[in-house]
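Novice: fold the following.
(one chain, ligands or ions: 2)
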Amino acid sequence: MMQITIHRGTRQIGGCVTEIASGGDKVFLDFGANLPGCGGAPAKPVPGLTAPDGTNSALFLTHYHGDHVGRLGEVAPGLPVYMGATAREIYLCYLRRVQKEIVGHAGAILPFTPLRPLRRGGISVTPLAFDHSAFDSYMFLVEGEGKRVLYTGDFRLHGFRGSKTLPVLERYAQNVDLVICETTNLARDAIGMTERDLQNEANKIMRAHPYVFVLCSSTNIDRIGAFYHANPCGRLFVCDEYQKDILEIVRSRHAAKSRFYDFAQVFGYRPNLDSLMEERGFCMLLRQGAGFARLLDRYRGRDAVVNSMWSGYLKGESRSAALANFLAKEQLIFLHTSGHASAVDLAALCRAVHPRRGVIPMHGEAPERLADLLPGEQVHLLSDGEVFTL
Ligand SMILES: [Zn+2]
Ligand SMILES: [Zn+2]
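Specialist: Ligands and ions are numbered 1, 2, ... in the order given. Okay, the predicted model is just below:
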């Protein structure tokens, strides 16, 4: 028997923590904070995760977004925590800049290897690499007492690796009893374009403007790659030293496997680059701050400023006043695509896996819409804390 409890995240995007218990052992999947400004259920203690409860337990993290890892500082001392190896390094680099107080917790994270099952008592967890707007993201295949559950975490099928993703599941996630599936885009606008289309659009903007600033997440590596490869030959690709460090983590570990991640021609900004930037043109990754504001002032009217982040950061309840203020004088070109699967792709994944006992939706504000997309499949709508027995 397997017992599944989504402690938080059945009806909200983020703040997620899921427990799978089997044979007296427990694994926890993600331990996130609520998204800033989105409200969401309050954080509660989770026995076995925030304090020992006598069970043999461990925490597995799908990726480094705060809505999946943000409560790492509350994990009980000594509880093993696992994450992808490159994701761990990127997360540590990010934390050293923005959240130093949990660097110690993150430093204790153990790296896992894709496709290599990890055991916690009678439960095994196999990480399956999957595409998302965080680099080195995973789904987890959780097995115990003859039951198999696929936990999707956040994913999409329209990224650069899109066509290769469903065959991974068809190969490694067969005979699955249950899928626990993210449903972010069932309540949001449909996604517009593939990451490859976005790269082509970025190239058009760059050909029309010699000086291009881009605002995007420092850890959305595939998006940065899209702009890096869209930058015309001879132009500089410039960012700050923090961003350069993140790209170097990826380059050093992945360039040999894929040239897409060979960020060899990235310049860390220094004022002595100014004349070369003026002469050759550039694509520069922006971050809020006085130094970047001065550069925006210098090029205003001659540049293009691309907003490649989710539109909700500039309007609506998740709006960041500081970001809106930073960009107040700019004419923004919006060029973004979702890190989450479209409704059609959510259904395609569930159909490809065809779980015997159906699907539990989570990580969305309209999970009930999944039933309309999957006629003939069982869709189980849970509440936070409700136990589902498999
Ligand atoms: Zn998420
Ligand atoms: Zn995410």
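Novice: quick one: stretch 211-220 near ligand 1?
Specialist: No - counting by CB under 5 Å from the ion, no contacts exist between stretch 211-220 and ligand 1, the nearest distance being 12.6 Å. From N, CA and C alone the C-beta is placed, and that goes for glycine too.
Novice: so that stretch, near ligand 2 or not?
Specialist: No - taking CB under 5 Å from the ion as the criterion, stretch 211-220 and ligand 2 are apart, separated by no less than 9.8 Å.
Novice: residues in contact with that stretch?
Specialist: 64, 90-91, 94, 133-135, 202, 205-206, 223-224, 227, 231, 242-243, 246, 277, 281-287, 292, 295-296, 299, 302-309, 327, 339 (CB atoms under 8 Å, 6 or more residues apart in numbering).
Novice: just the residues you listed that are near ligand 1?
Specialist: Checked against ligand 1 using CB under 5 Å from the ion, the contacts of stretch 211-220 yield no neighbours at all.
Novice: of the residues you listed, which belong to strands?
Specialist: Members of the contacts of stretch 211-220 lying in strands (criterion: DSSP state E): 282-285, 303-307.
Novice: need those in TSV with neighbour count, distance to residue 125 and pLDDT, can you?
Specialist: Putting the ones in strands among the contacts of stretch 211-220 into TSV (neighbours: other CB atoms under 10 Å; distance: CB to CB, whole Å; pLDDT from 0 to 100) gives the following:
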residue	neighbour count	distance to residue 125	pLDDT
282	24	44	98
283	26	39	98
284	27	40	98
285	25	35	98
303	20	47	96
304	20	45	96
305	21	43	97
306	25	39	97
307	21	37	95
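Novice: and residue 348, which of the three is it?
Specialist: Under the three-state scheme (DSSP: H, G, I helix; E, B strand; the rest coil), residue 348 adopts helix.
Novice: what's near enough to touch it?
Specialist: With contact set as CB under 8 Å, 6+ apart, residue 348 has these partners: 157, 166.
Novice: sort out which one of the ones in strands among the contacts of stretch 211-220 lies nearest residue 58 for me.
Specialist: Distance ranking of those against residue 58, using CB to CB, places residue 285 first at 35.7 Å.
Novice: what pairs with the closest one across the strands?
Specialist: Residue 285 forms beta bridges with residue 214, as assigned by DSSP bridges.
Novice: show me what contacts it?
Specialist: By CB under 8 Å, 6+ apart, residue 285 lies in contact with 213-216, 218, 224, 227, 238-240, 243.
Novice: out of the residues you listed, list just those in helices.
Specialist: Using DSSP state H, 224, 227, 243 are the members of the contacts of residue 285 that sit in helices.
Novice: need the pLDDT of the second one.
Specialist: Meaning residue 227. Looking at residue 227, its pLDDT is 98.
Novice: next one: the last one
Specialist: Per-residue confidence at residue 243 stands at 98 (pLDDT).
Novice: and for the first one?
Specialist: Looking at residue 224, its pLDDT stands at 98.
Novice: ok, now residue 190?
Specialist: 63.
Novice: and residue 187, by the same measure?
Specialist: As predicted, residue 187 sits at a pLDDT of 84.
Novice: residues in contact with residue 55?
Specialist: By CB under 8 Å, 6+ apart, the contact set of residue 55 is 21, 24-26, 48.
Novice: try 7 Å this time
Specialist: Residues counted as contacts of residue 55 (CB atoms under 7 Å, 6 or more residues apart in numbering) are 24-26, 48.
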